[in-house]
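Peer 1: what shape does this take:
(chains A and B, ligands or ions: 2)
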Amino acid sequence: MTPVTKLSSPQELAEVKQKTLSALETGCTRVLVCGGTGCMANGAPAVMEALQKALDERNVPVRVDLVDDSKEGTVRLGYSGCPGFCQVGPIVRILPSDYFYIKVTPEDAAEIVEKTVQKGEVVDRLLFTDNDGKTYAKRNELPFYRDQVNVVLADSGIIEPGDIRDYIAKDGYKAIAEALFGMTSEAVIAEVTQSGLRGRGGGGFPTGVKWGFTQRVQSPKKYVVCNADEGDPGAFMDESIMEGNPHALLEGMVIAGYAIGADEGYIYVRAEYPLAITRLRTAIAQAEAANLLGDNILGSPFSFHIHIKEGAGAFVCGEETALISSIEGKRGMPRPKPPFPANSGLWGKPTVVNNVETFANVPKIILNGAEWFRSFGVEKSTGTKVFALTGAVVNTGLIEVPMGTTLGDVVFKIGGGIRTGKGFKAVQIGGPSGGCLTTEHIDLPLDYDSLKAAGAMVGSGGLVVMDEDTCMVEVARYFMQFTQKESCGKCVLCREGTKQMLALLEKIVGGEGTLEDIELLEELAVAVRDGSLCGLGKTAPNPVLSTLKYFRDEYLAHVVDKKCPAGECKAFKGYRIIEEKCKGCSLCARKCPVGAISGEPKQPYTIDQETCIKCGVCFDVCRFGAVEK
Amino acid sequence: MAQATAASEKESRASRRFEKIQAIVEQYGAAESALIPILQKVQEEYRYLPEEILTFVATALNLPPATVYGVATFYAQFSLEPKGKYIVRVCDGTACHVRKNQTLISTVKEWLGLKEGQSTTEDMRYTLEIVSCIGACALAPAVVINGKVHGQMTPEKVTKALEELEAAEKAEDK
Ligand SMILES: Cc1cc2nc3c(=O)[nH]c(=O)nc-3n(C[C@H](O)[C@H](O)[C@H](O)COP(=O)(O)O)c2cc1C
Ligand code: FES
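Peer 2: Ligands and ions are numbered 1, 2, ... in the order given. A predicted model of the protein is given here:
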């Protein structure tokens, strides 16, 4: 079933909006179950089923069609996109009251229906409670949301991605109507340029400028490509946009097509996102049926078609030239630039490549204007940015804040601090290409230029928080292992250099490292950074360089003191007798099952590391705390 | 004449054998740009890419077999070795890594009885894959068992999920 059929003018689009709004305002209570990957994994389908059953059992009239104004006082039950606070899922939201229920189980369904749906009362026990026992009924009151500013994620989480009319009711596709019927392509580009929007996929290149380059190239055929490869392991904002508000992405791409003079677009989605792919396919079909995609959009002379390409698991395909090769059916290997895709991209034609979040910002800019967009963020980094907040933080999930928000606000105000009760140590930002920030950066504004100056990058927006128990050398090894595996092998420095760097890091983590190894590692890092062909190799040494910069002590501890200060690296998990504390009572030596401890009575004992099997008996039996791990 | 008959016979035998593949090629169109979707579909059918099928696809798309082989070996999704009936994917993305997923990997390995360097069980029932990020990072560490995402996993929970899968299969067999 297609919710909207062929619209042939902006007026008809406006009528759909009006009709949808008035239908939803006729006393309709909406029960939205989060349908994001996280909540679906956490049991949302069972909650949905239980809610449906609870409604049926109480004969509550349920709206099968979202826009059904014949029935007043009805209930609409549906899946929304991800509201971001994945940590406390499955999430159920009730509109219009905006009650925000967390960790909902199927057993809660009856109470939600009886109390909230039928009587408008709130179910207290399902609300978010903070450490002081204070509860929060509505989304915007929650500490997690209070300091966020939602532009890109504003609608995801309160609309049903499965019905195009819900998006249209939020002024969806209105930007297309305004662009196609009231703006020249130059005017669209000028608006986007003035907004200051920069690419959200990593590089931070000004989007309007990129579009301008492509528009000026003369060619009968051009392409718009959406980079939805989201290779940074630990980032999932692109996934969430595609799952929760797929039409915003489609609309942004159509506008880009109009701006540069392209009639065809591709979305390259990583294969690990099956739900996003399904939602996109539904969205494309509904937009095509509504004539918001396809030939003569809204009755204008402009036509634009969108295809989906599924990736096949290669991180390097996130690099734009590699991505283009992959769409063409080849091995996804990057090639040197220039020529840039703006001149010679997909099948040699001028091509604009932008990230999902970049496109999703575009309709809002066209609707509200460049000035409005500039009102968020800082001078050179305008608008908002979505970050994927994960790791050792209390509140994990997707957050959206104005560019320039400080690291401390993100980790402590929104993230709620460290979950383990340990101290904050560092965040890794920008994934395998990024760097780390430490306690000294708590007041650092998160924007393109400040981060770059600190040796890190915005990247895709993955923000992994680490506590004191995390070994930074091991973090560097982890990322190196990732990039080494993903190096496509085309250029020598990246292929061989990453391998050697990984070997050195493994040696250090394994307790065999020397001071020369650290020197060599640093030398190699610089060579790989400067000599690699594409961004993968150029940025692969970043985690090493930035951990060396901020946590050199830890590297030194591994090679000189043969210790892992965080206590994470296995090779160093040995037992040692602290001379000053040992009374020489010989208890440990007597208890040691392998006879690894020796010494003279009343003198400090020692453990022979070769013989020691790390069983920990000595640690347990010592009455003077003289054995340390 | 006799030669021609022999040739056509051979051809028809081949086409019978590769009927399914031919249908896939037709569905996506015999163009180079369709190579990856075709291989994805083949892998979905067979759970891996058998060598003779790669050659067949190369011929159908009029590409050198080396090109097809090159693509098949480039992408992590493709496997030239048969995979097990059930795929257990343990995420080793950053978010999962810092939430100590290593014990999950060793738990699954032990439960499946996999030796060092082995990823598919001898009875061809399970394959363990270590992947980077499946997009459930806020629920780290994450594991995907037979297509279903499980978040906030512990060794106990992963063992339970695997046991449930076994039990469900036994119930089905009856
Ligand atoms: C190794 C590597 C991986 C990349 N991965 C991604 C990715 O997953 N998603 C993305 O949008 N951009 C990625 N990029 C950046 C793209 O090359 C390109 O700059 C971006 O898609 C442009 O879009 P934007 O200007 O909207 O950011 C990657 C770059 C490199 C070098
Ligand atoms: S890092 Fe494991 S799901 Fe993203």
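Peer 1: leaving out the residues flanking it, which one is nearest to residue 129?
Peer 2: No chain was given, so I picked chain A. residue A:135 (5.0 Å; C-beta to C-beta, 6 or more residues apart in numbering or on different chains). The C-beta positions use only the backbone N, C-alpha and C, and glycine is treated the same way.
Peer 1: let's do chain B instead
Peer 2: residue B:89 is the one closest to residue B:129 (C-beta to C-beta, 6+ apart), at 4.7 Å.
Peer 1: what does the pLDDT read for that neighbour?
Peer 2: pLDDT for residue B:89: 95.
Peer 1: these two touch, right, it and residue B:147?
Peer 2: No. Counting by C-beta atoms under 8 Å, residue B:89 does not reach residue B:147; the two are 9.3 Å apart.
Peer 1: would you map the strands across chain B?
Peer 2: For chain B, applying DSSP state E gives strands covering B:86-91, B:126-131, B:143-145, B:148-150.
Peer 1: the last one and chain A in contact?
Peer 2: Think strand B:148-150. Yes. Judged by C-beta under 8 Å from any C-beta of the partner chain, strand B:148-150 and chain A are in contact via B:148, B:149, B:150.
Peer 1: those, buried ones only, as a PyMOL selection?
Peer 2: Burial among the residues of strand B:148-150 next to chain A is assessed by 16 or more other C-beta atoms under 10 Å in any protein chain shown; the matching PyMOL selection reads:
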select buried, chain B and resi 149+150
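Peer 1: which bits of chain B sit near ligand 2?
Peer 2: Contact residues, chain B versus ligand 2 (C-beta under 6 Å from any ligand atom): B:91, B:93, B:94, B:95, B:96, B:133, B:134, B:135, B:136, B:137, B:140, B:142.
Peer 1: the last one: neighbouring residues, count only.
Peer 2: Per other C-beta atoms under 10 Å in any protein chain shown, the neighbour tally for residue B:142 reads 29.
Peer 1: quick one, what contacts it?
Peer 2: Under the criterion of C-beta atoms under 8 Å, 6 or more residues apart in numbering or on different chains, the contact partners of residue B:142 comprise A:41, B:91, B:96, B:134, B:136, B:149, B:150, B:151, B:153.
Peer 1: which part of the stretch 301-450 of chain A gets nearest to ligand 1, residue-wise?
Peer 2: Here the residue of the stretch 301-450 of chain A nearest ligand 1 is residue A:318; by C-beta to the nearest ligand atom that distance is 2.2 Å.
Peer 1: and that residue, what is it in contact with?
Peer 2: Each residue near residue A:318 by C-beta under 8 Å, 6+ apart is listed here: A:201, A:227, A:229, A:230, A:231.
Peer 1: excluding residues flanking it in the chain, which one is nearest the first one?
Peer 2: Once its chain neighbours are removed from consideration, residue A:201 has its nearest residue in residue A:355; the separation is 3.1 Å (C-beta to C-beta, 6+ apart).
Peer 1: how is chain A carved up into domains?
Peer 2: A:22-140, A:164-374, A:377-467, A:472-561, A:573-628 (automatic domain parsing).
Peer 1: quick one: end-to-end length of the first one, please.
Peer 2: Read it as domain A:22-140. Terminal residues of domain A:22-140 lie 24 Å apart, using C-alpha to C-alpha, to the nearest Å.
Peer 1: quick one on the thing from earlier: quick one: which of the contacts of residue B:142 is most hemmed in?
Peer 2: Highest neighbour count within the contacts of residue B:142, by other C-beta under 10 Å: residue B:91, with 33 neighbours.
Peer 1: who's in contact with it?
Peer 2: Each residue near residue B:91 by C-beta under 8 Å, 6+ apart is listed here: A:233, B:101, B:131, B:132, B:133, B:134, B:136, B:140, B:141, B:142, B:143, B:144.
Peer 1: what sits closest to it if chain neighbours are left out?
Peer 2: In this structure, residue B:91 finds its nearest non-sequential neighbour in residue B:142, 4.5 Å apart by C-beta to C-beta, 6+ apart.
Peer 1: likewise for residue A:143?
Peer 2: Nearest to residue A:143 is residue A:130, by C-beta to C-beta, 6+ apart, at 6.2 Å.
Peer 1: repeat that for residue A:67.
Peer 2: Closest residue in space to residue A:67, ignoring its immediate chain neighbours: residue A:23 at 4.4 Å, by C-beta to C-beta, 6+ apart.
Peer 1: quick one: residues in contact with the host helix or strand of that neighbour.
Peer 2: Element membership for residue A:23, per DSSP states H and E: helix A:10-25. The set of residues external to helix A:10-25 that reach it, using C-beta under 8 Å, 6+ apart, is A:4, A:7, A:30, A:66-69, A:76, A:165-166, A:168-169, A:171, A:173-174, A:177, A:181, A:290, A:292, A:298.
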